[in-house]
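Enquirer: need a 3D model of the sequence below.
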Amino acid sequence: MNRNIVEEMRDALKRADAMMSPREHFAHMVKRGLINSKGELTKKYGGTAEVEVGEVEAGCDADLQHPQK
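Expert: Residues are numbered from 1 along each chain as shown. Sure thing, here's the model as predicted:
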């Protein structure tokens, strides 16, 4: 996997941790196509799992709603 992509993913996860509960964060990653509902990395990001139906393209934050803390 490209080093820049990995760094961008880590940065995004750190930012998301401050805005979402662990359960919301997991659901968000599934929805975005990063992982499947079993937590496996998808082929889209260098893993072996298939992207699940209903996932949105990464990079579009229009559908993301951050919960109020």
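
Enquirer: other SSEs contacting the top helix by length along the chain?
Expert: Ordering each helix of the chain by length in residues (DSSP state H) puts helix 3-17 first. If you count contacts as 3 or more CB pairs under 8 Å, 6 or more residues apart in numbering; DSSP states H and E, helix 3-17 packs onto helix 22-32. Every residue, glycine included, has its C-beta placed from N, CA and C.

Enquirer: the helix it packs on to helix 3-17, inter-axis angle?
Expert: 140 degrees (axes from the mean of the first three to the mean of the last three CA atoms, to 10 degrees).

Enquirer: can you name every helix or strand that helix 22-32 contacts?
Expert: Contact analysis of helix 22-32 by 3+ CB pairs under 8 Å, 6+ apart lists helix 3-17 as its packing neighbours.

Enquirer: with adjacent residues omitted, what lies nearest to L34?
Expert: Leaving out its chain neighbours, the residue that sits closest to L34 by CB to CB, 6 or more residues apart in numbering is Y45, at 5.8 Å.

Enquirer: next one: that neighbour from M9, what distance?
Expert: 8 Å (CB to CB, to the nearest Å).

Enquirer: got it, and V30?
Expert: Taking CB to CB, one finds V30 at 15 Å from M9.

Enquirer: neighbour count for the two, which is higher?
Expert: More crowded of V30 and M9, by other CB atoms under 10 Å: V30, with 19 against 15.

Enquirer: so where is this protein shaky, pLDDT-wise?
Expert: Scanning the chain for pLDDT under 70 picks out the ranges 1, 16-17, 54-69.

Enquirer: and G33, how many residues sit next to it?
Expert: For G33, using other CB under 10 Å, the count is 20.

Enquirer: measure it to R15 for me?
Expert: For G33, the distance to R15 - CB to CB - is 18 Å.

Enquirer: can you check S21 too?
Expert: For S21 relative to R15 (CB to CB), the value is 15 Å.
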